[in-house]
Each structure stands twice: as structure tokens, then as C-alpha cells.
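Trainee: mind folding the following:
(chains A, B and C)
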Amino acid sequence: MKRKRSTACTAAATALLLLSACKGAGASERASDGVLRIGDTGSTISTLNPFVASNVFELAIFRYVYPHLVQYGTGSEIEGDFASSYDASADGLTWTFHTRPGAKWSDGKDLTAEDAAWTFQQILAHKDGPTARLASYLQHVTKVEAGGKDELTVTLDAPLATALSQISQVPILPRQVWQEPLSGDASQLKNFTNDAPLVSGGSFILTDQKKGAFALFKANSNFYGRKPKLKGFGLQFFGSADAMVTVLRQGQIDVAYDVPATAAKTLKAEPSLDLLTTSGMDEDFLIFNSSSGQRAHPELLEPKVREAFHLAIDRKKLVDVVTLGMGAAATSVIPPSLAPWYDPATGAEGLDVASANSILDGLGFARGSDGIRIANGHPMAYELLQPTGLTGHDRVVDLVRADLAAIGVKVTPKIVDGDAFGQLLVTPSEKAPSYDLAMDDWVSKRDPDFMLSLFTCAQIGNRNEGAYCSQDYEALYNQQATTLDSGARRDAVVKAQQFLDKEKPWIPQFANPNIIAVNKKVKGFNGSPFVIDHTSRHQIDDVRLG
Amino acid sequence: MSATTTLASVAAPTSQPTRPRRLLASVRRRPAAVAGATILATFVILALVGPLLTPYGVHQRVGEVYAHPSAAHPLGLDDAGVDMLTLLIAGTRVSLFVGFAASVVSVIVGGSIGVLAGYAGGWVDGALMRLTDYMIVVPALPLMIVVATVWGPSVVHMVLVIGLLMWTSTARLLRAQVLSLRERASVRRARAIGCGHWRIAFRHIVPEVYGLLGATTVLTVSVAIFYEAALSFLGLGDPGTVSWGRLIEMAFERTAISSGAWWAIVPPGVCVALVVLGSSLLGNALQDAANPRAAIAHVSPRTFRVRAERGDRR
Amino acid sequence: MPAALAFLLRRVAVAVVTVFVAVSANFFLFRAVPGDAASVVKVPGMTAEQRQQIRAEFGLDKPLPNQYLSYLRQLTHGNLGISFENRKPVAANLAEAVVNTMPMVVVGTLIALVIGFATGLFGAWRRGTAVDAAGLGTALAFYAMPAQWLALMLILLTNGLFPSGGMSDVFLVDADFWTMMRDRIAHLLLPALTFGLASYGQYAVIIRSSMLETLGEDYVLTARAKGFSNWAVVRRHALRNAMLPITTLIALSLGTLMAGAILIETVFSWPGVGLAIYGAVRARDYPMLQGAFLLLTCSVILCNLLADTLYLRLDPRIRTA
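Mentor: Take a look at the predicted model:
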């Protein structure tokens, strides 16, 4: 008897559920007008602690929620933020920032230069421990002092072209919140969760956040700067591009970042959407093991051999197949869209299989019976490491493998776990298992220093994939890093690019496209390749909903 | 007895296990088995002669991205303009290979553990069965994900990961068989005249369980193909190869659904479902034939653990 | 009833041993895999000292036996550790994920039971007819489909009629209760339906065979002879008999359900246990994984124990054995 009733109840409940859901799907009235809804895939927010955070969107949250002394504008120029003006001493060692008077945190407490000084000092005080991540932006800073409520001086131990760019990355934290976790040896700092809603000093207040799912912001009425035009904005993270695109077409989000090229055709046909496509800051590279411990294949250390590889790779085909024609061919370690630092003359020679073959012939690497060349007594057959989790990378490997086969070079792909891959590549071969070639992608920052720094000896063991190290390059790198005049610095940056092109520790292949779909009711949205960058508030602050 | 054996232990097979020839005859009488065998045979043939059927390569771009099905390309093109039919056939090879190879691995591991536990008895049996209990309760797919992530994606790893984690039902089945065989007159006699353990195991025990082993192998194929599809879908498939699971994953990753490209996603799923269905139909029939007593127990079609309807009777 | 008591005691003892094996296996499994907190917490330019400090922070610098003992000690206090990834207690992360998964799994299982019962009962009643074959065939076909693919098929077929990403419209703030509820249900529909369709096959098969078996038993024949209606016979005897395998099946298939949940949650971006496990693997968040595995294995063991107890209640033959 009982059994029957429960079954019947279940059936009834299910039917009810179906019915009400059908009704629910049709209803589209929303209580969130004036809120810009942004979707993204593959990214998450797992922590709101700036001393632990490293994901793009975690950093983006801090940009809107915390004041920063300076920020990037819409391009690659720096502008004032909480510091309305700033100046450097003639030797470039002392920077003075004039902060905005009368600013307040969202809890009503005063926001002054002293908060900035306190934050910077705390970061420096624990730089070898819990604050290491943020301290990496204050590497050459020796002293930070508040001169009253509205002035801050930062002293460096060397003139630095990137001083402002570095400082633009450091959030100013509310002392009333962070005093406790930063007390003593700051050992509790990393376990401090800093849950929403948190005390805000930026243009928005984070009202709600769920790990990996979404983050919701409302405009901060206490904000010191130009008030944003939106009532609020939100970020929603999707597990798949398909889910995001579906929701976008249904009008449940207004902007979709990181749209896959395969979806572009469908979305272009959608009358309610604009598709903003640029070649992005994200370049794919073929990486040689340049470490001195790589002795199994000495020919790969030879710039002429690398030149032959460079000439054999069909970049246009990569752009056409992998990015469906929406990316761009890459010729330098600085992506083409990073004006004014990119040098178009670097690595400009196009596909030339005949020259590539004659270079290798000239080196005496004759083809064996199987068509594979012999170099130094070994066939030119190499293992190509690939990290897991790079979507679409199998296509790149396929194409490059075919291109290199045409010049008698055999490449066998090997996939390794992403973490192991990163660790292996930055470790010199005398300390790690040797490998020949690898493929990876890197996202450039707005300052060229980041990409150029990847080839410095100091980055071996950290970010220098391929463990390339050359004293000549060090000099060129340091030259651009310490030249304060922007015209002279551009020359230095170009020289460094040309040097890397000659040595070819990495061969640039193509730049991935940056595709953003935006609902037409969104006005003032900037589709620049910097869009998911977290170094500027303009991306949201300038947007209106029409 | 373990908490899980309530369901997993087989009705103790006191009856005479069936020898292969009689087994085949009894299978042929079951329509479900014939259907299952036909499906499996079709796919095996497809895997063998497949590359001859389409003129395209699996990396060859032959047209527009997600082009509709046409006379030249009956299943349309994928997200890079590659012929879907060519990919589907190439996928058949890899998926079937993973399915069969993983199944063989699991049957070898499970069979050895089962025979060893049943034959040795005592603490060996106890330890092996506790291990089996743990392997049954541990969530299989998450564990496979962990191991596959750590090892890195490759076809061989996929085979090992799946094979090494799904041997539990085989082990239990075999152990129960052996337990009953052990007390048989012929085995006792062999022991009495001083035959070595290996000789007894291989001459008197293993031949008696061939039928069951065969049935379990076929059943396990379906589970293995299922897991291949699952792991590939989660991005743990070998990116250098094409399998049905990878085809579903690629279509999902590269927005086949929102592009309306049903042809990129329907066929691989249908293939997985057909092979899973085929091998479970055939495997269940084989198992019933090999072990008539188990026929009255309930068979869960996915895990294919044979479940007695009553508590454990050991 | 001493026989029953002995039966239960034996099961409890084995369950305790299995839990202990699981606890230890979990510990050593995640110590044997490469990568640790230091490789997860990425600090640019991390020095060897910082690496060491992070390891010390998670107690990874101590000898393995000490780590094991302290892990056991922590467990007895119900402490599952701190997640490498977001530095929150693993238990809190897990609790959130479980709460999210529950509606999908529960509603999905209900759907599966309803369709499974209907197919099984009807098939047994009309045994050997075309309807029986079609019902059973459909059930097995659905069961053979990969869950992730079935999910994608449902999205394709419904063509945007129902939301297919996330648990709710996250931008629906300050809405009234019914709007919220409708939104939740709309989001739940496809995942739960996928779950139900992908798993009803096993219920259909079991109910059908259990019905068939029972309908042939003497006491059922007697009952029918006594003039009880067909439905009454089914209700009183056959269904009651089918409850045994069904309850145990639900209990035992918890692990298999998880597999389905991971795949379905991946397709629908549903922030449940499955997605949490998958995310933890990708982030190398071993404390989180360790906790999730412990939770899952212990629930499977517990469910089995529960099923055994139900056996005692439902099947008088064990009690008197």
C-alpha cells in the first residue's frame, strides 16, 4: 500500500517539475538591469586572497575591488589611478606618488597614502615567505614611505623601465582587514580566505562569489575616481564553450570572452551580437632545449639548423587551420598586436622549404634511406614534448610534424602532464631528463619586458623554458630594462628581439585569435587584445548598457 | 564476509562448469547472444578493413569547417574540415583496441587474483579479498582520472588504467569457482599424489574456468569502452590518436552543439552504445551458459557483477 | 535472533576493516603521485626556501609514518585537512559540492526508478511479447549510451529550450522565491533527465526479472488462486520481493553513479562532487581528492551496511537461517 503511494507521488512530482520548468524557461524578466553579465570558459576563481591568487580572473577581481597607485589605459600606456599624478627623480631611483585626498574605503574608513605605504611595507617585510607573489613586483624597491596622508615615495636600487608597470600590479589593501593576518611572521596569511563581501576601495564592490562558478559586483558609491557607468557586473564561468555560447544566444549573458574560433561562424550570423576579433597576445612557440646539458643532439644548438626549422614551418597554414584564419603569423617573441614594441622586420622571412633544405644540405646532414637526415651520426629524429591541457594543440603538432618531415626531420610527439612539463622545461638538462623539442604557448603582458625576461639566465629554474642562457643577450635585456626614455627603449627592445631571432631559442609560430562576442546593447566595449588582462579598469568602467 | 559480497558473490557454482564446445552450442540458441555477436563482429571487421573504405586521411582537410553531410562525405566534416566517416572508422580501431586490451588485462589480473585467493585460501585469500573489497568501494572513474592524469595520456596508459582497476568482479567470480573446484575429487587426488601447486592450478583448475573467463572478457569489453569514452571525454585520451571518446570530446570542446553540427557528435556515441550493447548481450549469454546457477541471479548490465538474490551462502 | 545478529556483526566488522584499508590506501595513494603543495602553489621565482616553507605549512616535510599518524589523528577529529587550492577546509568544500550534487542525483534517481518500474513491471506482465522486448531493448540501449553523450544529445534535441550551463541563472538577484525556484528547476531538468535515462536500465532489468521470479512462486500462485486481483498480487508479493535487489543496487551503484555524475556535471558545468573531483585532479589538490575519495568510499561502505540491514528486515529467510 505504502509503496504504491510513494511511486505515485514520485510520478506526480516529476510531472509537476517538468511543467513548472517549461514555464520557467519561457520567463525572461530579470531583476538585474544595468548589470553587465560576462561569461568565460576554462577559468575559475578559487581564492580571493591576493597573496595566493594567480588566475587571471582572481587578479581581475582585485583590479576592480582594490585601489592601485597606477593602472594601464586602454593601450600600453600607464596612467594614474589612486595616485592622480606621479614623478620620478632624474636618476630614476625615487618615485613620488600624489594620491587622491578624501578617499574612503567602502566601510567608511579613510583611504590614504598611508594605506598604500603600509601594504607595500608589509609585502617587503615578508617577501621571502608568505608575500612572495606580490613581492616579485617590488623586486628593486628598497624603501616605501608615506609623506603625510596624500603622498608616497618609493625608492629603487636601480633605474627601472618597468617600475610603473610593476607597481601597477600591486593592490592596496585595507589595513583594518589585513592587519591581523599580516601580524607576527604572517604565517596565517595564506589561510586567510578574505570572503565576499570584502571591504572595497576600487570602482566596484564584490557582493557575492562562488568558487569556480561566478562573481557578482555592484558599483562602489564611495569610489574616489570617475564612477563606473554600470550598476554592477558579473562574471560567470562555464565548463564548456558550447554552454557559454548557448547562454549567450539565449540572452542570459551579454559578453562572452574566449570564444572558440569554431563557434565564430555561427555567432556572426546572430543579429543581436557583435563579434570582436583581434589577433591576441597569446603566441605558440616551438622550443629548443638550449641548455648546455643537452648533448644528445648538438645540431639542435646550431642557429643555422634552427633557421632551417623556421623556414620550413608554414605559418599561414597554422593560422588557417588552427585559428580558422582569425589569428596571425608570429615572427617574434613579442606578439604582432603589442604595438609599439613589436618589430615587424624581425623573422619576417616566409615559408621557404627549398632554402631550408639547402641549409641542412650545406651542413652536410645528408638524407638516409628513409628520407631522414643524419646529423652527427644520429638520424634527425626528435621527441617533441607537449603539455596536457592545451586544447587544439594536437592540430598544431600534426602540421608542424608534416612541415619538418619535408626537410628530412622526424618529430615524435610525447605528451606529458602540464605541471611536469613546466618543471622539466625550465630545468637545465644536467639536472633533469633531457628532451629535444617542446611546444608551449605564452601570453604576453603589456610591457615587452615580460616576454624578453623569459630568456634570461636568472629565469632558469623558473620560467625560462629551454634553459637558454647567453651573456650577450643579458646585456641587451638589461639595456631595455634600464632605459627610461621610451624612444631609446624601443630601440633596445627591437635589438633584443632581433638577437633572439638570430639565436632562435624558440621559434614563434602563430598568435591565437582573441574573439569576444558582445550583445549589441552593450556600448563602449573595448575589443582590444588586452581584454582579459587585469591591469586596467577601463574594460568595465567605460561600458554602458543601452 | 564482506559487506559487498551480499551482492557480488556468485551463487556458489556447485554445478559442473560447462566446457567450451557445449558453451557455444548453448549460446547459439539465444537470440540476444546472436545479436550481440553480430554487432561485435561487424565492428571488428570495420576496424580491420576500415582504412580501405574511405579515401581520406585523418589529418586531411577536405573542406569547410563543420560542412554538412554530402554525397562525398556522408557524415559531414569536423571542426577542422576532416571527413567524419574517416575519423569514425579510425576511431573504431582505437576504441576496440582499448576495449579488448583493457579487458584482457583486467581478466588476467582478476583471474590470477581470483584463482590464487581461491586456491591458496587462508591469509592470502583474506588479504586479496580485502584488497578486492577496497577496489570495489573505491570510486572507479575518479581513481582512473587520478592515475591517467599522473601517467599522462597515451593509449597504453589508458589500457592499463582501465584494465588494472576493473578486475574485481572477475576475481570474485573466479575465486568462487575455484573454491568449489578445489574440493573436487580429481583435484584432491592430484594433491594426494603430490602434484605441485602450479600443475594443479594449470592442469585441473584453470581449464575448468575457461568458459567463465571468456564470458567475463566479453563483458568487460563493454565496461572498458565505456571508460575509454569517459576518460577521453575528460581530456585524458591520447591526443595523437582518434577514438570514439575523443571524437565526442572534440565535438564538445569545439562547439559542435551550438554550431548545430549533429553529424560530428551523434555517430561516435551511437557506435559506443552499439558495442557496449553488443558485448553485454553476448557476454551475459556466455556467462549464463558457462554458469547456469548464476542465471537465476540478477545481472547488473553495466558493472556486470552477478548478484545472488539472497545473502551470501559461503 | 542471534543468527541475524551474528550476520550483522560480521558485516560491521568487515565494513570497519574496509574503511581502514580505504583510509590508509587514500593516504598512500596521494603520497605516491608526483607534485605536492609546493608545485600547486605557484609563486613566480619561488626559492628553495619558499618551497620548503610551503611544504612545512602542509606538514609534508615530516617522515611519512609521522604524516600518516597525524593524518589518522586529524581524521578522528573529523578534520579532512586544508585544500591546497583555495586554502579552505576540505570538509567545507566537499559539503558545498555534495549539497549541489544532491538534487541532480536524487531527482535523477527518482526519474530512473519511475521509468525503470514502469518498464520492468509492464515487461514482466506481458512477458515475451513485442512490448516486453521493445521496453527491455530500449532500457538496455539507454543504459549502453555514454552519459556524457546522452547529455549532449538532450541539449541538441531541446535546442536551447532549457538552460544547459550551471545550477541557476547567477545574475538572477533579488528575484522572488517562485522565479528563483522556476529557474533552479529549469536548470535541473536536463542534468537530472540525463541521469535518469542513463541509469534506468538497471532498475528495469532487475524489476523485470524479480517480478518474473516471484510471479512463478507457489505463494503467488496461491494468492492468485484465492482470487486476489493482479495488481494486489504485484503489490503484496512481487514488488516487495523486488525491493531487495533494488535497494542493494542503489546502495552499490553509488560508485557507478559518481562516474555518471562526473561526466554529466562536466557537460552541464554543474558545480557538484564530480566537477570538484575533476577540478581537484587538474589542480593537483591532493587533500581535496583525499577527502573526496574518503567520502565516496565510506558512503559506499555505509550504504552496503544499510542494504544488509534492510535485507534482514525485508527477507525473513535470513532471519531464520
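
Trainee: quick one: A:Ala375 and A:Phe365 touch, right?
Mentor: Yes. Counting by Cβ atoms under 8 Å, A:Ala375 touches A:Phe365, with 4.4 Å between them. C-beta: built from backbone N, CA, C; applies to glycine.

Trainee: overlap of the contact sets of these two?
Mentor: A:Glu299 (Cβ atoms under 8 Å, 6 or more residues apart in numbering or on different chains).

Trainee: of all the residues in the stretch 101-250 of chain A, which one is nearest chain B?
Mentor: A:Val245 (4.1 Å; Cβ to the nearest Cβ).

Trainee: separation between that residue and B:Val272?
Mentor: Using Cβ to Cβ, to the nearest Å, we find A:Val245 at a distance of 25 Å from B:Val272.

Trainee: check what pLDDT residue 110 gets.
Mentor: With no chain named, the answer covers chain A. Per-residue confidence (pLDDT) for A:Asp110: 95.

Trainee: hmm, I had chain C in mind actually
Mentor: C:Leu110 is given a pLDDT of 92.

Trainee: next: the one 4 residues further on.
Mentor: As summarised for this prediction, C:Val114 has a pLDDT of 93.

Trainee: let me know the pLDDT of the closest residue to chain C within the stretch 151-300 of chain B.
Mentor: Residue of the stretch 151-300 of chain B nearest chain C, by Cβ to the nearest Cβ: B:Gly269 (3.4 Å). If you check B:Gly269, the pLDDT there is 95.

Trainee: that one: neighbour count?
Mentor: 22 (other Cβ atoms under 10 Å in any protein chain shown).

Trainee: just to check, it is in contact with C:Pro146?
Mentor: Yes. Between B:Gly269 and C:Pro146 there is a contact at 6.1 Å, judged by Cβ under 8 Å.

Trainee: list residues touching both of the two?
Mentor: B:Ile248.

Trainee: and stretch A:235-250, end to end?
Mentor: Start-to-end span of stretch A:235-250 (Cα to Cα, to the nearest Å) is 17 Å.

Trainee: touching chain C at all, it?
Mentor: Yes. Contact of stretch A:235-250 with chain C (Cβ under 8 Å from any Cβ of the partner chain) involves A:Gln236, A:Phe237, A:Phe238, A:Gly239, A:Ser240, A:Asp242, A:Ala243, A:Met244, A:Thr246, A:Val247, A:Arg249, A:Gln250.

Trainee: Serialize the residues you listed to TSV and add fields for neighbour count, pLDDT and secondary structure.
Mentor: Listed next are the residues of stretch A:235-250 next to chain C as TSV, based on neighbours: other Cβ atoms under 10 Å in any protein chain shown; pLDDT from 0 to 100; DSSP: H, G, I helix; E, B strand; the rest coil:
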residue	neighbour count	pLDDT	secondary structure
A:Gln236	24	90	strand
A:Phe237	25	88	strand
A:Phe238	26	85	strand
A:Gly239	25	78	coil
A:Ser240	24	81	coil
A:Asp242	29	84	helix
A:Ala243	24	83	helix
A:Met244	30	88	helix
A:Thr246	22	84	helix
A:Val247	24	85	helix
A:Arg249	19	86	helix
A:Gln250	16	82	coil
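
Trainee: closest to A:Ala146 out of these?
Mentor: A:Phe237 (38.3 Å; Cβ to Cβ).

Trainee: bridged to that closest one, which residues?
Mentor: A:Asp40 (DSSP bridges).

Trainee: and it, how close does it get to C:Tyr278?
Mentor: From A:Phe237 to C:Tyr278 the distance is 14 Å (Cβ to Cβ).

Trainee: before we move on, what about C:Leu249?
Mentor: Applying Cβ to Cβ to C:Leu249 and C:Tyr278 gives a distance of 26 Å.

Trainee: likewise for C:Ser269?
Mentor: For C:Ser269, the distance to C:Tyr278 - Cβ to Cβ - is 11 Å.

Trainee: between the two, who's got more neighbours?
Mentor: Between C:Ser269 and C:Tyr278, counted using other Cβ under 10 Å, the more crowded position is C:Ser269 (24 against 21).

Trainee: show me what contacts A:Ala125?
Mentor: A:Thr131, A:Ala186.

Trainee: max-length helix in chain C?
Mentor: Looking across chain C with DSSP state H, the single longest helix is helix C:177-215.

Trainee: about what we covered before: now the residue of the stretch 151-300 of chain B closest to chain C. Nearest residue, chain neighbours left out?
Mentor: Using Cβ to Cβ, 6 or more residues apart in numbering or on different chains and skipping residues adjacent in sequence, the residue nearest B:Gly269 is C:Trp149, 3.4 Å away.

Trainee: what does A:Ala381 give?
Mentor: Per Cβ to Cβ, 6+ apart, closest to A:Ala381 is A:Lys410, 4.0 Å.

Trainee: enumerate the residues of the stretch 251-400 of chain A near chain B.
Mentor: Residues of the stretch 251-400 of chain A found near chain B (Cβ under 8 Å from any Cβ) are A:260, A:262-263, A:265-266, A:321, A:324, A:386, A:388-389, A:391-395, A:397-398.

Trainee: in ChimeraX, select just the buried ones from these.
Mentor: Applied in ChimeraX, the following selects the buried portion of these according to 16 or more other Cβ atoms under 10 Å in any protein chain shown:
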select /A:260,262,263,266,321,324,386,388,391,392,393,394,395,397,398
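
Trainee: against A:Thr246, how distant is the residue of the stretch 251-400 of chain A found nearest chain C?
Mentor: Closest approach between the stretch 251-400 of chain A and chain C, counting by Cβ to the nearest Cβ: A:Gln252, at 6.0 Å. Going from A:Gln252 to A:Thr246 by Cβ to Cβ gives 9 Å.

Trainee: sorry, back to before: the residue nearest to B:Gly269: what secondary structure?
Mentor: helix (DSSP: H, G, I helix; E, B strand; the rest coil).

Trainee: ok, residues contacting the one helix or strand C:Asp132 maps to?
Mentor: In the assignment (DSSP states H and E), C:Asp132 maps to helix C:130-144. Contact partners of helix C:130-144, identified using Cβ under 8 Å, 6+ apart, comprise B:222, B:272-274, B:276-277, B:280-281, B:301-302, C:116, C:119, C:122-124, C:126, C:150, C:197-202, C:204-205, C:208.

Trainee: list the contacts of residue 301.
Mentor: Reading this off chain A. A:Leu301 touches A:Phe288, A:Ser290, A:Gln294, counting by Cβ under 8 Å, 6+ apart.

Trainee: other chain: chain C
Mentor: Applying Cβ under 8 Å, 6+ apart, the residues near C:Ile301 are B:Ala3, B:Val137, C:Ala15, C:Thr18, C:Val19, C:Ala22.
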